[in-house]
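Visitor: I'd like to go over a predicted model; first the sequence, then the structure.
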Amino acid sequence: MSHGHGDGDGDGHSGHGRSDSARPGHGPAADHDTGLAELLDLDAALGAPVLDAALDAAAEALGRPPLAVADLGAGTGTGTFAVARRFPDAVVHSLDASPRMLELLAAGAAERGLGDRVTPRLVDLDGDWPAVLPGGIDLAWAALSLHHVTDPAEVLRQALGVLRPGGVLVVIEMTRSTVFSPADLGTGIDGLGERLVAALAGEGYPVTGEWSEALEAAGFARVDRRETSFTASSETDAGARYLELQLTRNRDVVADVLPRADLDGLDATIAALAAGDASLVLAAGRAVWVAVR
């Protein structure tokens, strides 16, 4: 998430997998996926420009400093920490169904000096999550999490219900736009990057969502959609590690789909990233909705 944003998906661009064991705000939560937590933290660092742009749009739409915020599917706290830094008077309620993710989030909040303004709340977004929130909310944040819930329309109606008049909901999702440079992932195997993206798409990755109509149907007075891009480059240590972890997860997804030569090429790229010998850039599309009650 994140991804979103915070949170994410095991699609090639952020952290959470599609299985119940790893998805924010939904389903039974595993406590053992440390690789996922690291991926989410790297996603947070690399995705900061996306979050900053979304926060700019939220602040403009809200027109007042938010005092109460709900992070829906908070994961390890990518959105929570970004919101808390941007709005220093806000208390952030961080909702997730994974005890392990909330444990990491609480530790991260303490390390950042945000412990008094961040409240982890163990709750499933498919349940009565508004019941854990004390009073109205000025800003709701759903980064790379809404597509995981069983009934997104109901979650959007619930979000509208907890927002104060003029309150804002921010939704961030991945798009189908994914480009590797160079296209051969540095292997000399023509078209490897495109075949990887196509194979992932065939397996349902990235998991995306288009929420404009659903947000309007839920009753939001104004809905604005814009597109941006998440970028990871092996030129930085964080980018190289992110690409190494993400391509490793991608390889697991497409192991029975791509031919052996392509899998060997992926292995070579992953090894080069681990050794610091790769030159690779990933650009992945993100869509941001800002909806005003």
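Guide: Here it is on my side, so go on.

Visitor: which residue packs closest to Arg48, ignoring adjacent ones?
Guide: Small correction: residue 48 is Ala, not Arg. Spatial nearest neighbour of Ala48, chain neighbours left out: Ala82 (7.5 Å); criterion: CB to CB, 6 or more residues apart in numbering. Any C-beta I mention is one placed from the backbone N, CA and C, and that applies to glycine too.

Visitor: and stretch 102-116, C-alpha only, in PDB?
Guide: This file holds the C-alpha atoms of stretch 102-116, laid out as PDB (Å, rounded to 0.1, in the frame of the first residue of the first chain):
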ATOM      1  CA  LEU A 102       0.000  -2.000  13.300                       C
ATOM      2  CA  GLU A 103       2.900  -3.000  15.500                       C
ATOM      3  CA  LEU A 104       5.400  -1.800  13.000                       C
ATOM      4  CA  LEU A 105       3.300   1.400  12.500                       C
ATOM      5  CA  ALA A 106       3.300   2.100  16.200                       C
ATOM      6  CA  ALA A 107       7.000   1.600  16.400                       C
ATOM      7  CA  GLY A 108       7.500   3.900  13.400                       C
ATOM      8  CA  ALA A 109       5.300   6.600  15.000                       C
ATOM      9  CA  ALA A 110       7.300   6.400  18.200                       C
ATOM     10  CA  GLU A 111      10.600   6.700  16.300                       C
ATOM     11  CA  ARG A 112       9.400   9.800  14.500                       C
ATOM     12  CA  GLY A 113       8.100  11.500  17.600                       C
ATOM     13  CA  LEU A 114       4.500  11.000  16.500                       C
ATOM     14  CA  GLY A 115       3.300   8.600  19.100                       C
ATOM     15  CA  ASP A 116       1.000  11.100  20.700                       C
END
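
Visitor: contacts for it, please.
Guide: Stretch 102-116 is contacted by residues 37, 74-77, 80-81, 84-85, 94, 96, 117-118, 120-122 when judged by CB atoms under 8 Å, 6 or more residues apart in numbering.

Visitor: tell me the one of those nearest Gly136?
Guide: Closest to Gly136 out of the contacts of stretch 102-116 is Arg121 (15.9 Å), distances taken as CB to CB.

Visitor: which SSE is the closest one in?
Guide: Element membership of Arg121 [criterion: DSSP states H and E] is strand 118-122.

Visitor: dump that strand to CSV, keeping only the CA atoms.
Guide: Taking Å, rounded to 0.1, in the frame of the first residue of the first chain, the C-alpha atoms of strand 118-122 are listed here in CSV:
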residue,chain,number,x,y,z
VAL,A,118,-1.1,8.4,15.9
THR,A,119,-3.6,5.9,17.1
PRO,A,120,-3.4,2.4,15.6
ARG,A,121,-6.8,0.7,15.4
LEU,A,122,-7.2,-3.0,14.6
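
Visitor: contacts for the next helix-or-strand element following that strand?
Guide: Toward the C-terminus, strand 118-122 is succeeded by strand 137-143 as the next helix or strand (DSSP H and E). Contacts to strand 137-143, defined as CB under 8 Å, 6+ apart, come from residues 1-7, 51, 54, 58, 62, 64, 66-73, 78-80, 83, 87, 90, 93, 155, 159, 162-164, 167-172.

Visitor: so which of these sit within strands?
Guide: Mapping the contacts of strand 137-143 onto strands (DSSP state E) picks out 68-72, 93, 163-164, 167-172.
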